[in-house]
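My questions are about this predicted structure, shown below with the sequence.
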Amino acid sequence: ALVADIGSFSTKIGYAGDDHPQAVYNSTTAIERNNNGNNGSSSNFSRAPRRDFVTRCIDGSESDGNYDLVNPVDPVTGWLFSPPNKSCSSLSSNDGNADDKLGDAWESHELVSQYLQHAFQNALGLGNNSASLDHAHNHPLLLLDKPHTPPALRQRLLEIMFETHNLPAVFFLRDAIASCYAVGRTTATVVDVGYSSTMVTPVYEGFVETRGVLRNNGCGAKAAEERVLSMMDGIVKKQGGRRRKDRMRRTNQRRLEKESTVNASMNASMNAGTAATGTTTGNIDQLSPVPKRAYVKRDAAGHFIKESASQLGSSNAPIPEYLMPLYQVRRAPSYTARSAPFHHWSRLTLAREIKEMGLGVAVGPMGYVSSEASGGANGAAASNGGETTAPESNTASDSINPATANNMFLTSSKLPYTLPDGTPVEITTASRCDVVEMFFGNDEYNVNYREQALDETMQQLEEYENEIEEFVAEREDEEDSKTTMMGMIGSNTDSVMAGDPYSNTSYRGEKSSRHAGVRRGGKKTYYSPNTISTKLYSACLPYVRTAPPTTGTGDGLDGAGAASTGGSTAGGGGSVNDNYFHYLTSAPPAQMVCDAAFRCDRDQQASLLGNVVVCGGGSCITGAASVGSGLGGAGTLGTAGSAAAGGVMASALGDEHAFPDRLREEVESIVHRHTPGWRVKVTSPNISERAICSWLGGSILGSLGTFQDMWISKKDYEEFGAAIVNRKCP
């Protein structure tokens with residue numbers, strides 16, 4: 001069996017039972033969109049996706065052409081979802097053409113097919129011979145998805161697995177449940193610190209309690225990289241200064257002198273050869289003049305003008321005062337940047353390398369207050385109209401005095417780092433800890449930062465809602481006019497009025513309507529991309545809204561919501577009230593853990609708080625170990641090493657369990673206010689396995705012999721339809 005986890009940062013695919021996925025590659029790729037959807041092609045892209053875009057341009061040496069960066073995972077919702085402005089519903093119907101089989105009406109779903117096909121044929125080495133046992137058609141697939149994925153999206157993905165890739169069996173597993181299995185738990189509160197967000201999911205006896213699911217788009221690995229990038233920009237501007245510019249100008253000047261010498265020798269040899277052959281026209285102005293040295297100038301009388309060192313290279317482009325990626329440094333002296341998406345991604349890649357080296361981030365001790373709280377809070381307040389709410393005092397202030405903690409890090413040793421342009425800089429431990437305080441800080445600066453991220457997410461969801469409503473209304477008008485025209489000419493309208501695979505009907509109704517619309521004369525017909533997009537957007541619209549439905553009629557599949565909630569709703573209309581995006585919050589992860597557990601039943605809260613699982617690549621942050629000598633006993637930083645064992649290496653490579661330990665202390669400080677007897681235990685894999693924790697859980701489950709009866713086979717799909725995924729995969 002194969003296990004696939006398509007995340008917001010990386011895609012991981014491998015065999016069940018292995019300790020590590022065999023194929024791990026970046027989910028963000030460069031594509032060139034197919035703007036002419038009516039040309040008979042069933043693909044959203046005019047060219048194959050490219051991944052070699054970080055250090056060099058795609059379309060030539062100085063240009064990226066019409067390429068753009070895309071990701072199958074929507075950063076706002078966390079689903080395998082494409083808003084209407086990134087979908088192409090005017091593509092061909094894809095009636096079984098093998099060359100166009102991977103095409104899809106949605107950009108994200110076509111990327112999923114591209115990624116799976118790439119992993120099957122290249123990374124896993126599965127051949128193209130369908131008769132071979134090594135072909136992908138003979139391997140069942142276990143696909144991990146998010147706990148809050150709408151049922152209609154799961155049904156569409158199941159159709160892609162069977163119709164496009166022709167897999168023998170498929171199973172959809174919630175990634176939070178898989179993370180519990182990876183650490184040997186069936187009941188836990190899972191804290192998944194991903195790339196685009198942090199999600200907290202309560203899992204009780206192997207089922208997700210959806211009413212306790214919380215999502216914070218302001219706390220993620222990408223947000224941490226943005227902070228590291230902002231920190232490095234400030235360091236470059238402050239520590240680089242004039243010396244950095246003078247050194248780079250001298251380097252550029254030497255390069256220009258070398259190029260001028262080479263060009264002069266080439267022109268001289270060409271002129272000598274032309275004069276020897278006698279092919280010159282006698283006009284000396286037509287010969288290429290020998291270039292002068294770049295820093296030598298003459299006045300009107302022809303005398304030499306000697307320039308000072310500060311004036312050298314003044315005619316060149318200004319040197320950017322921010323962290324330049326390597327490609328931009330190599331473009332000296334112009335320092336031209338690529339297009340905005342690729343330039344920003346290259347800068348984020350450099351910030352990610354700094355973070356993973358341990359130089360950009362570090363987990364501070366309990367009671368640490370960000371140094372930006374005093375200076376940065378005023379700026380954050382001004383951006384919010386000058387109105388700020390006084391946050392709760394840091395509950396960790398009882399263990400360590402905040403002033404002592406800040407002074408301890410401000411006076412500690414600094415870590416050296418060399419920029420891509422060769423400039424040496426130093427990074428303070430306080431700056432590293434300030435980055436991580438976005439996960440734990442209750443000061444005004446970090447609170448405003450998370451609330452601003454929440455407001456932006458709410459605004460984007462409202463834009464999605466408006467776009468989907470306009471798209472659905474437009475397509476329904478086109479379908480109505482088409483049906484009327486076919487009825488007037490006396491044509492058979494059964495194909496237009498075929499069964500809706502994502503309708504609001506029940507499980508049995510969807511089953512019968514699917515066979516009525518798909519099977520005709522013993523031959524399988526595909527829905528058009530226009531129909532798929534319209535019906536799929538209609539089914540996903542309630543789940544994009546940020547407010548609960550006001551009517552008593554449900555918008556999702558009957559029974560699907562109750563199956564996915566694990567019985568967490570009460571009353572007949574419980575699943576209807578959950579059909580909206582009620583997961584957003586601006587609280588830090590520690591408060592999210594408590595809120596998620598307290599949203600569940602009372603007899604489940606102690607078990608959920610007693611087992612907290614920390615996973616995700618964003619949680620791979622070490623502590624600030626051995627920051628210096630003479631700290632006065634404030635060595636609760638994550639390691640018990642002495643100050644003599646400090647230094648750069650010890651500071652950069654602190655305790656790998658610093659993030660889970662700090663989270664446990666923060667949760668305990670909240671829980672023990674009203675229930676002192678409750679025990680909080682935080683479990684987390686090693687830092688090398690934390691980023692693939694959910695994939696490891698899927699690998700363990702897929703290798704069990706008792707799991708083989710839980711697959712959704714091709715026969716089950718053809719008999720019951722795609723809605724069976726909401727029954728067999730809760």
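Arrived safely. Residues are numbered from 1 along each chain as shown.

going forward, measure contacts between C-alpha atoms and count neighbours the same way
OK.

Distance of residue 20 relative to residue 675?
Note on residue 20: its distance to residue 675, by C-alpha to C-alpha, to the nearest Å, is 40 Å.

So between the two, which is more surrounded?
Under the criterion of other C-alpha atoms under 10 Å, the comparison of residue 20 against residue 675 puts residue 20 first, with 18 against 10.

what's that one sitting at in phi/psi?
Per-residue torsions, residue 20: phi -150, psi 140 (degrees, to the nearest 10).

so it touches residue 14, yeah?
Yes: under the criterion of C-alpha atoms under 8 Å, residue 20 is in contact with residue 14, at a separation of 7.4 Å.

all helices of the stretch 251-400 of the chain, in order?
When assigned using DSSP state H, counting those that start in this stretch, the helices of the stretch 251-400 of the chain occupy the ranges 326-329, 340-356, 372-383.

could you say what helices and strands the second one packs with?
Read that as helix 340-356. The contact analysis (3 or more C-alpha pairs under 8 Å, 6 or more residues apart in numbering; DSSP states H and E) places helix 340-356 against strand 68-70, helix 221-235.

residue ranges with poor pLDDT in the stretch 301-450 of the chain?
Filtered on pLDDT under 70, the stretch 301-450 of the chain yields the residue ranges 301-316, 373-411.

I'd guess residue 434 is in a helix, am I close?
Yes: when DSSP: H, G, I helix; E, B strand; the rest coil is applied, residue 434 is found to be in a helix.

so who does it touch?
Residue 434 makes contact with 361, 370-372 under the criterion C-alpha atoms under 8 Å, 6 or more residues apart in numbering.

Quick one: name whatever helix or strand follows the strand or helix carrying residue 153.
With the criterion set as DSSP states H and E, the secondary-structure element containing residue 153 is helix 151-159. Where DSSP H and E defines the elements, the next helix or strand beyond helix 151-159 is strand 169-174.

and the angle from that next one to helix 151-159?
Going by axes from the mean of the first three to the mean of the last three C-alpha atoms, to 10 degrees, strand 169-174 is angled at 150 degrees with respect to helix 151-159.

Mind giving me the packing neighbours of strand 169-174?
With contacts defined as 3+ C-alpha pairs under 8 Å, 6+ apart, strand 169-174 has these neighbours: strand 141-145, strand 712-713.

Tell me which of those strands sits nearest to residue 240.
Within the helices and strands packed on strand 169-174, the stretch nearest residue 240 is strand 141-145; the backing value is 45.3 Å (C-alpha to C-alpha).

Residue 476: how many residues sit nearby?
Residues near residue 476, counting by other C-alpha under 10 Å, number 15.

Then residue 176?
Other residues within reach of residue 176 by the criterion other C-alpha under 10 Å amount to 31.

Kindly report the same for residue 725.
Using other C-alpha under 10 Å as the criterion, residue 725 is surrounded by 25 other residues.

That one and residue 702, how far apart?
Applying C-alpha to C-alpha to residue 725 and residue 702 gives a distance of 17 Å.

Please apply the same query to residue 31.
Taken as C-alpha to C-alpha, the spacing of residue 31 relative to residue 702 amounts to 33 Å.

Comparing the two, which shows the higher neighbour count?
Counted by other C-alpha under 10 Å, residue 31 and residue 702 do not tie: residue 702 has more neighbours, with 24 against 21.

Give me the pLDDT value at the nearest residue in space to residue 684 that is not next to it in sequence.
With C-alpha to C-alpha, 6 or more residues apart in numbering as the criterion, residue 684 has its nearest non-adjacent residue at 5.0 Å, and that residue is residue 614. At residue 614 the predicted local confidence, pLDDT, stands at 97.

Check residue 522 too.
At residue 522 the predicted local distance difference test score is 48.

On the three-state scheme, residue 219 is what?
The local conformation at residue 219, judged by three-state DSSP, is coil.

my read: it touches residue 450, true?
Yes: contact between residue 219 and residue 450 holds when scored by C-alpha under 8 Å: they sit 7.4 Å apart.

Need the overlap of contacts for the two.
With the criterion set as C-alpha under 8 Å, 6+ apart, the overlap between the contacts of residue 219 and residue 450 is residue 438.

who has more neighbours, the two?
residue 219 (29 against 21).

tell me the pLDDT at that one?
In this model, residue 219 is scored at 94, pLDDT.

And residue 255, by the same measure?
At residue 255, the model reports a pLDDT of 70.

With residue 650 instead?
Model confidence at residue 650, given as pLDDT, is 35.

what do you get for the one 3 residues further on?
pLDDT for residue 653: 51.

Which residue ranges of the stretch 201-350 of the chain form strands?
207-208, 214-216, 297-298, 304-305 (DSSP state E, counting those that start in this stretch).

same check, this time on the stretch 601-730 of the chain
Per DSSP E, counting those that start in this stretch, the stretch 601-730 of the chain has strands spanning 612-615, 682-683, 712-713. These are given in chain order.

Let me have those in a markdown table, extended by distance to residue 328 and mean neighbour count.
What follows is the strands of the stretch 601-730 of the chain, written out as a markdown table (distance: least, C-alpha to C-alpha, whole Å; neighbours: other C-alpha atoms under 10 Å):
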| stretch | distance to residue 328 | mean neighbour count |
| --- | --- | --- |
| strand 612-615 | 35 | 27 |
| strand 682-683 | 43 | 20 |
| strand 712-713 | 50 | 20 |
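
which one of these lies closest to residue 176?
With distances scored as C-alpha to C-alpha, the stretch of the strands of the stretch 601-730 of the chain nearest to residue 176 is strand 612-615 (9.3 Å).

name the helices or strands packed onto the closest one?
Of the remaining helices and strands, those touching strand 612-615 by 3+ C-alpha pairs under 8 Å, 6+ apart are helix 175-182, strand 188-193, strand 682-683.

between these, which gets nearest to residue 478?
Residue 478 sits nearest to helix 175-182 of all those, at 39.0 Å, using C-alpha to C-alpha.

hmm, who's touching that closest one?
With contact meaning C-alpha under 8 Å, 6+ apart, helix 175-182 is reached by 144-147, 186-188, 190, 192, 201, 203, 206-208, 613, 615, 693-698, 700-701.

Could you do stretch 605-612 as well?
187-191, 202-204, 593-594, 597-598, 678-683.

Quick check: buried residues in it?
Neighbour-count burial for stretch 605-612 flags 605, 607-612 (criterion: 16 or more other C-alpha atoms under 10 Å).

would a markdown table of those with distance to residue 475 be doable?
Formatted as a markdown table, the entries for those read as follows, by distance: C-alpha to C-alpha, whole Å:
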| residue | distance to residue 475 |
| --- | --- |
| 605 | 46 |
| 607 | 48 |
| 608 | 45 |
| 609 | 47 |
| 610 | 50 |
| 611 | 48 |
| 612 | 46 |
